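Q: What follows is a protein structure lacking sequence information:
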DNA sequence: TTGACTACCATAAAATCCCATGTTATCCCA
DNA sequence: TGGGATAACATGGGATTTTATGGTAGTCAA
């Protein structure tokens, strides 16, 4: 699982250390890392290849001409299988750098099955927004399911 | 799996480099590359021989005398098994060059099980269209429910 | 013999690998 | 419990390899 938040530096070659705990999670699962444009936020989403495979399989099951299939294909086009260097760093592709407005700092935010990479300023926006909702509407109602 | 997008040059002999990651995917699968006319868009589709076989089988399931089967067969007739040169380039057949309106630039767009080759201008059209759908309709339902 | 096609060589730019180093976290023993 | 030793982590820089792409020579067929 991807959990916790950390702030890492992006160097001039667009390299950034993936937090060790995220790396260990991937290693344990023996999964390659996929980075892609979030469809909901101006940030990068990271996940496992297996999880991405689920979206790809879904494409074949949808009507090929449907909007959903079209969007999913575009999502694949902006997805990258990412390799680690020996120190646990990755290179963030240009397309993703500019999509998420990244320059020299990245905020890694684990959300369970995947994680987000934000620019510091955009992360702050989202964080403040969540605090505001919390203050105005109170905590969300959550119903827990048992594990299978 | 074919992922990511890249822009490569087509030279006077209609040679173009297939992105290294696509090549490696084919090598790993030990699959030859097939190029053919997309059934949905004015672009070339590239895929493995095995997947092409699945298309052909799907056609056989249709009423053999139907218009659909007729059209699909005509499209499939313009399919080519493509060989790489030692540097990972292929020659794009004339028929496909003109079908996709290709001249001196090609955009390779990985969509999972296969990939598209667009002319730059047509690629831009499709990209803009996807942004419009995303803005108007939001992301596919599939993306929002993260787990099965 | 010409023209088209293929196989191979050359090169610049870009991506990748690997070593070095400072910093933070963890461990272990007094 | 404190503090030094050790390991893990994040980051910088340079060497090496890969990739994309231009060009040339060889081959086959009309």
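A: In hand now; what should we look at? None of the values given here were measured: they were computed from a predicted structure. Residues are numbered from 1 along each chain as shown, chains lettered A, B, ... in the order given.

Q: Every contact and neighbour count from this point should use C-alpha atoms.
A: Noted.

Q: And the most centrally placed residue in chain A, its phi and psi?
A: Nearest to the mean C-alpha position of chain A, by Cα atoms, centre = their mean, lies residue A:45 at 1.7 Å. Backbone torsions of residue A:45, given as degrees, to the nearest 10, read phi -110, psi 140.

Q: so what's it bridging to?
A: Assessed by DSSP bridges, residue A:45 has beta-bridge partners residue A:36, residue A:116.

Q: what's the offset of whatever helix or strand residue A:50 lives in from the middle of its chain?
A: Remark: residue A:50 resides in helix A:49-61, with elements defined by DSSP states H and E. Offset of helix A:49-61 from its chain centre (Cα atoms, centre = their mean, to the nearest Å): 16 Å.

Q: just the strands in chain A please.
A: Taking DSSP state E to define them, one finds strands in chain A at A:5-9, A:15-17, A:33-37, A:44-48, A:79-82, A:89-91, A:105-110, A:115-118.

Q: Select, out of the ones you listed, the one closest to residue B:144.
A: The minimum distance between residue B:144 and the strands of chain A falls on strand A:44-48, with 13.2 Å, by Cα to Cα.

Q: and stretch A:68-80 with DNA strand C, contact?
A: No: if you take Cα under 7 Å from any atom of the strand as the test, stretch A:68-80 misses DNA strand C, and the best it gets is 10.2 Å.

Q: residues making contact with that stretch?
A: Outside of stretch A:68-80, the residues within contact range by Cα atoms under 8 Å, 6 or more residues apart in numbering or on different chains are A:34-37, A:39, A:55-56, A:59, A:62-64, A:93, A:95-96, B:3-5, B:109-112, B:127, B:130, B:133-134, B:139-140.

Q: same check, this time on stretch A:2-12
A: With Cα under 8 Å, 6+ apart as the criterion, stretch A:2-12 contacts A:16-17, A:19, A:21-22, A:25, A:103-115.

Q: which of those are buried?
A: Among these, those buried by neighbour count (16 or more other Cα atoms under 10 Å in any protein chain shown) are A:16-17, A:19, A:22, A:104-110, A:114-115.

Q: List just the nearest of these to chain B.
A: residue A:114 (9.3 Å; Cα to the nearest Cα).

Q: For residue A:113, give its distance to residue B:51.
A: Residue A:113 is 30 Å from residue B:51, where distance means Cα to Cα, to the nearest Å.

Q: what's the answer for residue A:55, then?
A: Going from residue A:55 to residue B:51 by Cα to Cα gives 18 Å.

Q: Please say which of those two ends up with more neighbours.
A: More neighbours surround residue A:55 than the other of residue A:55 and residue B:51, with 18 against 15 (other Cα atoms under 10 Å in any protein chain shown).

Q: and the residue nearest to that one when sequence neighbours are not counted, how many neighbours?
A: Counting by Cα to Cα, 6 or more residues apart in numbering or on different chains, residue A:55 lies nearest to residue A:72, which is 7.2 Å off, once chain neighbours are set aside. By the criterion of other Cα under 10 Å, residue A:72 has 23 neighbours.

Q: what's the answer for residue A:10, then?
A: 19.

Q: returning to what we had before: how much space separates the residue nearest to residue A:55 from residue A:92?
A: From residue A:72 to residue A:92 the distance is 21 Å (Cα to Cα).
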